[in-house]
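*Asks:* Here's my sequence, what's the structure:
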Amino acid sequence: MRVLMVVAVAVGLVAGCQKESPPAGTASPGPAPTPAPAPRAEPSPVEKIMAAGSLTEAISVAKPHMTDTFNEMSSGAVLLGAWAIKGLKWSELQKLPSTKHSLVMKDPDEERGKLMCARGTVIEIQAVKTPQGKIFTGGLFSGAHIIRFIAVGSSGELVARSRTGFCGIVVGKQSYANSVGGSAHAVFLVGMFSLPENKRS
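*Replies:* Residues are numbered from 1 along each chain as shown. This next block holds a predicted model:
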């Protein structure tokens, strides 16, 4: 019975794909109408942000994808980081409206896309290769606060325990499990270390 059903379906499909021959003695129908062109696919978020010509434009593309996360990066941070590898300039970064740690922790939605600068000690830093180029991810102790970051441009000779400054675009809050079994909460930024080679851009 199962074989018969499969055969019946196959026959139906073949019949549906074949053109009917006109009855004998009748005129052939005219040419089939030209099908309408298929609608163009909507560009992906990656395609949209890589086409952005300025930092403000890139932020506007990434902002709807910026979220607060636990133990992972926001997709908005990843998008903005991909654009920043080639497009971010220190001079353009400094033109953004600024915010501070306490305001981000109070209401991240209100502060996303703004500039935040901090100075402190590197907790950890590691290079990550992406299709767009190299980024650096890690964390920074700034006073009593923790900053998590995606950094582009130069990281110089910075390693764990180095003192440095960092300026970046606020993505939101990132919470993560800490070593004592609880949770830590940080502001997540995409930006650059305040090194002379970055400030020349």
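*Asks:* For the residue positioned nearest the centre of the chain, list the residues it contacts.
*Replies:* Centre of the chain computed as the mean C-alpha position; nearest residue by Cα atoms, centre = their mean is residue 79, 1.9 Å away. Residues counted as contacts of residue 79 (Cβ atoms under 8 Å, 6 or more residues apart in numbering) are 45, 46, 49, 61, 62, 65. In short, each C-beta sits where N, CA and C put it, glycine included.
*Asks:* burial measure for the first one, as a count.
*Replies:* Going back to what we said before, that points to residue 45. When neighbours are counted by other Cβ atoms under 10 Å, residue 45 registers 17.
*Asks:* Identify the residue nearest it in space, chain neighbours excluded?
*Replies:* Leaving aside its sequence neighbours, residue 45 sits nearest to residue 79 (Cβ to Cβ, 6 or more residues apart in numbering; 5.8 Å).
*Asks:* In three-state terms, label that neighbour for me.
*Replies:* helix (DSSP: H, G, I helix; E, B strand; the rest coil).
*Asks:* per-residue pLDDT, the residue nearest to the centre of the chain?
*Replies:* Residue 79 carries a pLDDT value of 97.
*Asks:* any idea how far it is from residue 105?
*Replies:* Per Cβ to Cβ, to the nearest Å, residue 79 is found 23 Å from residue 105.
*Asks:* tell me the secondary structure for residue 86?
*Replies:* Strictly by three-state DSSP, residue 86 counts as helix.
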